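S.K.: Next come a sequence and a model predicted from it.
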Amino acid sequence: TDCDEYTWNGTTFTTSGTYTFDHSQPGSLCTNVDTLHLTINNSTHNSFHQDACEQYTWHDVSYNESGTYTYDYTNLDGCPSSDTIHLSIYLHDDTTYHITACDEYSWNILMEQHYIYDIRNIYFRPFYARLTLHQR
């Protein structure tokens, strides 16, 4: 049993199986054949993307900056493995606007295309902020 690959008598195997190697001498009356019963277990390599607000905890480690992080471990087959997370951290921004207007008010906010507009809410994947207009 080995992980990912195994080299035997100069040949590298990447799949489980039964293999033979004949090392009989030419002209000999005796045959010399070795048999290998091989089990190949595979390492695990997972990769995924995650969005989070402020911070994200992954494998008991808290991250508060966007980036690519790797976690190395031994999988259930005993093989060295790794998981990779592509993390996007979005910082929360509390902004309060105090506006006084008569009859009507036009609120111009610079927004990017990845916002979805609603009369009361602005959604930013995967989070949202509520905008509230108080009339006096």
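M.R.: Yep, it's here.
S.K.: I'd like to know which helix or strand in this structure has the lowest mean pLDDT.
M.R.: Among the helical and strand segments of the chain, the one scoring lowest on mean pLDDT, DSSP states H and E is strand 115-117, with a mean of 41.
S.K.: residue ranges with poor pLDDT in the protein?
M.R.: 92-136 (pLDDT under 70).
S.K.: what's the single longest strand in it?
M.R.: strand 80-90 (DSSP state E).
S.K.: what's that one in contact with?
M.R.: Applying C-beta atoms under 8 Å, 6 or more residues apart in numbering, the contact partners of strand 80-90 are 3, 43-56, 58-59, 63-75, 124, 127. In short, each C-beta sits where N, CA and C put it, glycine included.
S.K.: what are the ranges of the strands in this structure?
M.R.: All strands of the chain, identified by DSSP E, fall at 2-3, 6-8, 11-13, 17-22, 33-38, 40-41, 45-53, 56-58, 61-63, 67-74, 80-90, 115-117, 121-124, 127-130.
S.K.: Adding mean neighbour count as columns, could you present those in CSV?
M.R.: Formatted as CSV, the strands of the chain follow (neighbours: other C-beta atoms under 10 Å):
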stretch, mean neighbour count
strand 2-3, 16
strand 6-8, 13
strand 11-13, 11
strand 17-22, 10
strand 33-38, 11
strand 40-41, 16
strand 45-53, 12
strand 56-58, 14
strand 61-63, 11
strand 67-74, 12
strand 80-90, 15
strand 115-117, 12
strand 121-124, 14
strand 127-130, 12
